[in-house]
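S.K.: pasting a predicted model and its sequence here:
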Amino acid sequence: MTFVALRTIELRGVSVRHHAATGSAPHALREISFSVSAGEQVAVIGSSGAGKTTLLHLLSAALRPDAGELKLFGNDPWQLANTDRHALRARLFLAPQTPPLPPRQRVVTTVLAGRMPQWSLWQAVRSLIKPVDPEAAYQALARFNLQDKLYARVDRLSGGERQRCGMARLLLSNAELFLVDEPLSALDPTLSRQTLTTLLQEAATRNATLICSLHHVEFARAFFPRIIGLREGSVAFDLQREEVTDAMVEALYQNEHDGVISPAPEPALEPPLVIDPRSF
């Protein structure tokens, strides 16, 4: 008997505009089609403005498609009642490139907020007054080498520390779908490797689906089994990493109008190892 993996994401001919765009504005994503099975780990690459962040917002059910069909966990979120759509969103975690963390809050409190979808209102209020499980927050931060910031104020963190704080919050969620936007933009190569390794390990442990947008092509090709290339709002390729060639990457970042290659992502200081998720 052949078993078919359950699909976490299905997109069929989806077009969508930015949040603030008017009805006459061009679509940020145009006729996007692909599916992602439960437990898959996918990197999304492409130049600035290609639509990577818009895609993650679409997949988080924050943007409603103008055309086409979107299904998350087998359901069209925009055909659900508001309460059901809220419950569906609780099954995913969107980690923005710049996490909107309350500046005066302690790190321990903002990390524990990853559990809010699981809490009652009383538990959430109680944790604001006195963190309910500081040990869990400490262990999550330690996986990103940030445990010494447990009781620091968020506004005292650097940009890279804020990014890792957001990743620690993800670890305390019970999400089945991780949507991570440019998690390495403020990190050095060593911390970048640690961050990606932790994310892939966590996704593999709970069989969660991981979709991660990256500017660093070399990290995408080293860490992720599948790579989707976006160019001007459309899918340029959707391949296993061993099928992605240097020529494909060069074409992805080439300016369509004048033949100029867009600035390439900065390379790692050391050549990255190819990571096999099965080793976790």
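M.R.: Ah, there it is.
S.K.: for the stretch 1-150 of the chain, what spans make up the helices?
M.R.: Applying DSSP state H, counting those that start in this stretch to the stretch 1-150 of the chain gives helices spanning 52-59, 82-89, 107-112, 121-129, 134-142.
S.K.: quick one: residue 238 from residue 140, how far?
M.R.: Using CB to CB, to the nearest Å, residue 238 is found at 32 Å from residue 140. Quick note: C-beta positions are derived from backbone N, CA and C, even for glycine.
S.K.: of the two, which one has the most company?
M.R.: residue 140 (25 against 18; other CB atoms under 10 Å).
S.K.: list the contacts for the more buried one?
M.R.: Applying CB atoms under 8 Å, 6 or more residues apart in numbering, we find residue 140 in contact with 111, 114, 168, 169, 171, 172.
S.K.: kindly state the pLDDT recorded for the nearest residue to residue 152 once chain neighbours are set aside?
M.R.: Nearest-residue entry for residue 152: residue 107, 5.2 Å, with adjacent residues in sequence omitted and distances by CB to CB, 6 or more residues apart in numbering. Confidence at residue 107, expressed as pLDDT, is 95.
S.K.: ok, now residue 6?
M.R.: So, for residue 6, pLDDT stands at 75.
S.K.: related to what we said a few turns ago, just name the most buried of the helices of the stretch 1-150 of the chain.
M.R.: helix 107-112 (a mean of 24; mean count of other CB atoms under 10 Å).
S.K.: hmm, back to that, show me the contacts for the residue nearest to residue 152.
M.R.: Per CB under 8 Å, 6+ apart, neighbours of residue 107: 137, 141, 146, 149, 150, 151, 152, 153, 154, 157, 165.
S.K.: do residue 112 as well
M.R.: 127, 131, 132, 133, 134, 136, 137, 172.
S.K.: thinking again about what came up before, dump the helices of the stretch 1-150 of the chain into a markdown table; add distance to residue 75 as well.
M.R.: Formatted as a markdown table, the helices of the stretch 1-150 of the chain follow (distance: least, CB to CB, whole Å):
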| stretch | distance to residue 75 |
| --- | --- |
| helix 52-59 | 13 |
| helix 82-89 | 6 |
| helix 107-112 | 29 |
| helix 121-129 | 26 |
| helix 134-142 | 29 |
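S.K.: ends of stretch 226-246, what's the gap?
M.R.: Length of stretch 226-246, first residue to last, CA to CA, to the nearest Å: 15 Å.
S.K.: contacts for that stretch?
M.R.: Here stretch 226-246 makes contact (CB under 8 Å, 6+ apart) with 26-34, 40-47, 49-52, 54-55, 220-221, 224-225, 248-249, 251-252, 256, 274.
S.K.: low-confidence ranges, this structure, go.
M.R.: By pLDDT under 70, the low-scoring segments of the chain are 1-5, 20-23, 119-128, 256-280.
S.K.: for the chain, which helix is longest?
M.R.: When the chain is parsed with DSSP state H, its longest helix is helix 189-205.
S.K.: same for it, what does it pack against?
M.R.: Judged by 3 or more CB pairs under 8 Å, 6 or more residues apart in numbering; DSSP states H and E, helix 189-205 is in contact with strand 41-45, helix 159-172, strand 177-181, strand 209-213, helix 217-223.
S.K.: ok and the first one relative to strand 177-181, angle-wise?
M.R.: Interaxial angle, strand 41-45 versus strand 177-181 (axes from the mean of the first three to the mean of the last three CA atoms, to 10 degrees): 20 degrees.
S.K.: the second one too?
M.R.: Orientation check (the same axes, to 10 degrees): helix 159-172 against strand 177-181 gives 170 degrees.
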